[in-house]
Every structure is written in C-alpha cells, then in structure tokens.
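1. Pasting the sequence and the predicted coordinates here, then a few questions.
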Amino acid sequence: MLDASETQAETLLEVNNIEVIYNHVILVLKGVSLSVKEGGITALLGGNGAGKTTTLKAISNLLHSERGEVTKGSILYRGERVQHLDPAALVKKGVIQVMEGRHCFGHLTVEENLRTGAYTRRDGKGAIEADLDMVYTYFPRLKERRRSQAGYTSGGEQQMCAIGRALMSRPETILLDEPSMGLAPQLVEQIFEIVRAVNEGEGVSFLLAEQNTNVALRYAHAGYILENGRVVMEGTAQALRENDDVKEFYLGVSDEGRRSFRNVRSYRRRKRWLS
Amino acid sequence: MIYDVFVAPFADMIEAPDFLMQVLWEGLVSGILYALIALGFVLIYRSSRIFNFAQGIMVVFAALTLVGLHAAGLPAWIAVAATLVVMFVLAVTVERVVLRPLVGQPDIILFMATIGITLFLIGFGEIIFGGENKVMITEELGIPTGDFVFEPFGGLLILQQLDVTVVIVAALLVCALLAFLNFTRMGRAIRALGDDHQAALSVGISLQTIWVLVWFIAGIIALVTGIAWGARAGVSFALEVIAYKALPVLMLGGLESITGAIVGGLMIGVLEKVFEIYWGQPLLGGNTETWFAFVLALIVLLFRPQGLFGERIIERV
C-alpha cells in the first residue's frame, strides 16, 4: 500500500504532457502526464483505445517502428530526457517493455526466450545464469517448460515467459502492457501475485497498463485513468478504488443503483470536457 | 518406354555401384554449395524479410576481389583476409545506405533495392577488376588439386581433392553457422528477430547490428562458394548463376528454415545429378541439370506451398 513514506519515494519516470501522432495525422495522446515512483506499482487504466499502449510505447520508444511520433512534451527517466534513445539504449538504462499479447519468440525454447532478455547485458555468464535461476524461482512453471518451444506453451506460460524475459535484463522499471489479456481469472490473479512478488523481492518498479481495473487497483499503489488520450483522473490506488466515478464506470459497482445508459453517456462526455 | 524409365536406370545403378557412388559424390559436392548459398538467403530473409537478389553477384564480387587483390601483389591468405574485410565493409554500406533508409517500406521495395545492389556491384566490379574471365588462385591458397582414387567393388571411384576440400570446408562452415545460431547470444538474437520483430526490439536487440551481421555472413558464404566454384569454372560474372540454383532449394526447403536450406540443398544437388546421368542423358538428350531443380521445386510447391521444411507456423487455437 502507498503510505506517507512511499509518496516521498524518488520519481523514476516522469512523462510531461506528451502528444503522440501516428502516421503524421492521427492524434492519439492529447497531453498525457504521469509519474512513476521508485519501487512502486503504478497502474494505467482505461478502456480500449484510451491510449494506454501508446503511452507505454512512447516511453519505451517502440513507437518509431509503428510510424508513431512524440510531437510534444517530454519524457524524463531519472531526470534525463530519454525520447531520442532507441529501445536498446533504454533497456540498458533499465527500462524494458513487456508488450501486449506477450510476443514470445515462438520458435525459440522458453529458456532461449529468457536468454534473449539478457541480450544487452555485459556482466558475464555467471550473473546471467544466476538470474535465470532467479526467474525460475518466481516462475517455477517456466522451469518445467524450459525446453519447449514457446509457441507451443499456454497463454499463461507465455505471459510468464514474457515477464521473465524482461526480468533477465535486470530492469529497474518494467512497462507491463495488459498482462491479463486472454487469461482465465485465476491465472490473472497468479500473474499479478508474481508481479507483486517481483516488485517486493527485486525492487523492480512497474508501470502497468490494464483494462481489468478491479485487479489492477488491488495490486497497484497508484493509478492513472486514461480516456481518449487524456488522463482524466489520478491518485493512490486506494483513493481510486473508493472514488464513486471509478466505482461506477470501471468497477461496475454503484451506490445509486443503475442509471439509464443515455444518462451515463452524457455524464461521461461532460466529465471528459471538464477534465 | 516403361522399361526405360522405371527399370533400366535402376538396373544400371546396381550393375555399376562404383559409378553410382561417383554420381552421388558429385551431387553431394554441388549440393553442399547450394545449401551454403541457400543459408545465406535464409538468414537475410529471416531477419529482415528481404529476399536478397544480390546474393549471386556477391559470390562473383567476392571471388573477383580475392583474385584482384592477389594479382595486385597480396599473398593469397592475406588476400582472403582482405576480401573478408571488403565483404564486411559491403555489409555495413548496404545496411547504412540501403536498408536503414528503407525500414518499414513494403517488402517488394526492399527486394527491388537488392536488385539495385546487384546492378551496382556488376558495374563496380567491372570498373575495378575488368570484365574478362580470371583464374581462381587455387594453388596459391594451398588447395590440393590431385585426385584420390579408390576401387570399391572392383570398380573405380575418383574423388578430386579439390572437391573433397570443398565438401569439408563447406560442411565445417555449415556446422559453425548452426552452432553460432543455436548457442551464442548473437545467433539467438538472429533467430529471435525472425520470429518477432517488435519483441526483439523491446528486449533491446538492435536491428542494425543484426542486419550488418547477416549480410556479413552472406558475404563469407559468398567468398567460400566463390572460391569453390571459381576453382572449377573460372572467375567470371557467369558465376552469378550458382546463386539462382539456390532458388529451387529455397522453394523446396522453405525460405525460413535453416534445416530446410541444408537438407534441400543436398537433396537438389544429388537428385539433379542422379536424374541427369540415369534418366536425362539416355532419355532426354542430357542437359537436364539446368531445369531439373526448378521442376522439382514446382512439384513440391503444388503439394506443400510452405516448402518441405518450411518452419511450422505455430498457431494456437
């Protein structure tokens, strides 16, 4: 939980008012600002097309290969501008993204997948082998499947493989995109438990994009809600969980009972303009 | 007729097993060269989705450079090293000047770009080294040119020492490549890149480094095949053709499969020789080697469009 001492934790990542345009014409982010505290789990919430993935890719600089571009604002990591860095340089700085939909290397074995995560490291075989063991202690399932081709493993195993692969780069911050996608509720819970364990055990900070607001807010310390390329709400996870609007729109519970759909829409629209 | 097609060839094979061995051996020699060239194609295709039309001219260019440098006074082995440096510079240049500005363009544009590279290398090679045929510096490189003569089954089997050397070197190179791809960090990165570009980027694999690397490997392959083929046929721009012989290998083996390239290459080399000797010459008037591989590939494509060994597309449902 985020308490007084943690709010004073150092800011790792700071995104200031960024605007992202795809293909020179499609404006996807319209001024997103957020900050990630060291040692915390920060959730980035919102529906489909809200701009969560784009925000993460803007940070990890994977936008470029999709013809996207950060046109305004700045991204600071430990106080240093990182927009011009390529993904490899960013990985060396300790920021790595786990992409939505897992993206394991299908024809490589699970263990080979994990090893590719250590691609940018230069600290020797011993350290890498040790980290392989570290990943296997967090994901015992991967150890059993280490010799299978990743393409033939289950969705949950692939998600573990993708997170484990990121861990192999010895990151400070993992940008985790939609870990719950396509997984059974029980498995989602398991993945989030591991995320928490890694966060506490290895001190890795997470910026987590998630549609599953309910789960995300239970594990995160702080959160941002994105809608239509803008941050519409932010706060500690607790505050967000207790907020009436969040309850109503994202958690699906409301004190006032159901409203008619039309009212909800106009209400949401009004809120959007106000923010 | 039926007897000529289905019985006579096999009767011949059994009657003269020593000759059959000779035929198989010769098929193996060209097969392993096809395999090597096909590997060059596969590596570049896997890591950048580029069908490298320039592979053939790279063979010529490497051989010309080697001969040219030697003629300019460099000792043979120094000339080999210098040629490798030239191939590396070529790889870097191709990446910088051609591939990098074209990142993200449709595949066909990149394919056209490799045709551009081909034409450039033809012109460039001619300006520097001249267009006339040259002799490969086989002896200077210490490649033996004698024969090994065996007498299996009371017959006669002649293995040219040159061919034996080629087979050994090519086989070693193939093994080295396989080991490199499977057991090193860079090799894993090449395979990873073939599977998923975005994910490879996300773990910090740099496309540029890998591209230079695969083009350099293609350059090394070009040099080895250039020496091997040049030693038999002389060094001229006609050597380019050997690379096109790798096309049916690719159709047969699948553009993405490393094993497919190796097995396909050996298969085509052996089958085309066997077909030529036992069916082509007696029945079709010979010279079937020029088209046999392509017909075989066509037939395979009819039944298995992904090639015999095309990487199984892993699809989960």
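-> Great, that's in hand.
2. Could you report the neighbour count for the residue of the stretch 151-275 of chain A found nearest chain B?
-> Relative to chain B, the nearest point of the stretch 151-275 of chain A is residue A:151 (3.3 Å; Cβ to the nearest Cβ). Glycine gets a C-beta too; all of them are placed from N, C-alpha and C. Residue A:151 has 19 neighbours, counted by other Cβ atoms under 10 Å in any protein chain shown.
3. Not counting its neighbours along the chain, what's nearest residue 68?
-> I went with chain A, as the question did not name one. Distances taken as Cβ to Cβ, 6 or more residues apart in numbering or on different chains place residue A:22 nearest to residue A:68, at 4.6 Å, with adjacent residues excluded.
4. um, chain B though
-> residue B:129 (4.6 Å).
5. isn't residue B:37 right up against residue B:246?
-> Yes: in this structure, residue B:37 is within contact of residue B:246 by Cβ atoms under 8 Å, at 4.1 Å.
6. Tell me the residues that contact both of those two, please.
-> Counting by Cβ atoms under 8 Å, 6 or more residues apart in numbering or on different chains, the common neighbours of residue B:37 and residue B:246 are B:55, B:265.
7. what residue ranges in the chain score low on pLDDT?
-> Let's take chain A. Residue ranges of chain A with pLDDT under 70: A:1-8, A:253-275.
8. actually chain B
-> Scanning chain B for pLDDT under 70 picks out the ranges B:309-317.
9. Chain A contacts on that one?
-> When proximity is defined as Cβ under 8 Å from any Cβ of the partner chain, chain B approaches chain A at B:103-104, B:185, B:188-189, B:191-192, B:194-206, B:311, B:314, B:316.
10. Of these, just the buried ones, PyMOL syntax please.
-> Restricted to buried positions by 16 or more other Cβ atoms under 10 Å in any protein chain shown, the PyMOL selection for the residues of chain B next to chain A reads:
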select buried, chain B and resi 188+189+191+192+194+195+196+197+199+200+201+202+203+204+205+206+311
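11. Inside helices: which ones of the residues of chain B next to chain A?
-> B:185, B:188-189, B:191-192, B:194-195, B:197-202 (DSSP state H).
12. Pick out the most distant pair among those residues.
-> The span of those, defined through Cβ to Cβ, is set by B:185 and B:198 at 19.6 Å.
13. Mind jotting down where the helices sit in the chain?
-> As the question left the chain open, I've gone with chain A. Using DSSP H, helices in chain A cover A:4-7, A:52-60, A:87-93, A:110-117, A:124-138, A:140-144, A:155-167, A:185-202, A:213-219, A:237-242, A:244-246, A:261-274.
14. my bad, chain B
-> Using DSSP H, helices in chain B cover B:2, B:8-15, B:17-48, B:55-71, B:76-93, B:107-129, B:161-183, B:185-195, B:197-202, B:207-233, B:241-253, B:258-275, B:289-303.
15. Residue A:34: which of these is closest?
-> With Cβ to Cβ as the measure, helix B:197-202 is the member of these nearest residue A:34 (20.2 Å).
16. how far is stretch B:46-64 from where the chain is centred?
-> 10 Å (Cα atoms, centre = their mean, to the nearest Å).
17. Pull out the buried positions in that stretch.
-> Neighbour-count burial for stretch B:46-64, counted by 16+ other Cβ under 10 Å, picks out B:46-48, B:50-64.
18. Need the distance between the two termini of that stretch.
-> End-to-end distance of stretch B:46-64 (Cα to Cα, to the nearest Å): 28 Å.
19. The residue nearest to residue B:230 when sequence neighbours are not counted: neighbouring residues, count only.
-> Leaving aside its sequence neighbours, residue B:230 sits nearest to residue B:136 (Cβ to Cβ, 6+ apart; 3.7 Å). Using other Cβ under 10 Å, residue B:136 has 23 neighbouring residues.
20. which residues does residue B:136 contact?
-> With Cβ under 8 Å, 6+ apart, residue B:136 has these contacts: B:63, B:66, B:67, B:227, B:230, B:231, B:234, B:235.
21. try 7 Å
-> B:63, B:67, B:227, B:230, B:231, B:234, B:235 (Cβ atoms under 7 Å, 6 or more residues apart in numbering or on different chains).
22. My read is that residue B:4 contacts residue B:283, right?
-> Yes: if you go by Cβ atoms under 7 Å, residue B:4 and residue B:283 touch, sitting 6.1 Å apart.
23. Residue A:235: which of the ones in helices among the residues of chain B next to chain A is nearest?
-> In terms of Cβ to Cβ, no member of those lies closer to residue A:235 than residue B:202, at 29.4 Å.
24. Up against chain B, what does the stretch 101-250 of chain A have?
-> Applying Cβ under 7 Å from any Cβ of the partner chain, we find that the stretch 101-250 of chain A lies next to chain B at A:103, A:105-108, A:112, A:115-117, A:119-120, A:149, A:151-152, A:165, A:169.
25. And the furthest pair within the residues you listed?
-> For these, the farthest-apart pair by Cβ to Cβ is A:120 and A:152; their separation is 27.2 Å.
26. And these two? Which one has more around it.
-> Shown here are residue A:120 and residue A:152; by other Cβ under 10 Å, residue A:120 has more neighbours (21 against 16).
27. tell me the phi and psi of the more buried one?
-> Residue A:120 adopts backbone torsions of phi -80, psi 0, taken as degrees, to the nearest 10.
28. Number of residues surrounding residue B:304?
-> 14.
29. Residue A:125 now?
-> 9.
30. now do residue A:207
-> Residues near residue A:207, counting by other Cβ under 10 Å: 29.
31. Report the central residue of chain B.
-> For chain B, the residue nearest the mean C-alpha position is residue B:37 (1.5 Å; Cα atoms, centre = their mean).
32. Distance check, that residue against residue A:185.
-> According to Cβ to Cβ, to the nearest Å, residue B:37 stands 53 Å off from residue A:185.
33. With residue B:132 instead?
-> Taking Cβ to Cβ, one finds residue B:132 at 75 Å from residue A:185.
34. and if you look at residue B:53?
-> Residue B:53 sits at a distance of 52 Å from residue A:185 (criterion: Cβ to Cβ).
35. What about the nearest residue to residue B:8 once chain neighbours are set aside, how many residues nearby?
-> Ranked by Cβ to Cβ, 6+ apart and with sequence neighbours excluded, the top spatial neighbour of residue B:8 is residue B:282, at 7.4 Å. Residue B:282 has 14 neighbouring residues, counting by other Cβ under 10 Å.
36. what do you get for residue B:228?
-> Residue B:228 has 28 nearby residues by other Cβ under 10 Å.
37. Skipping adjacent residues, who's closest to it in space?
-> Distances taken as Cβ to Cβ, 6+ apart place residue B:166 nearest to residue B:228, at 4.3 Å, with adjacent residues excluded.
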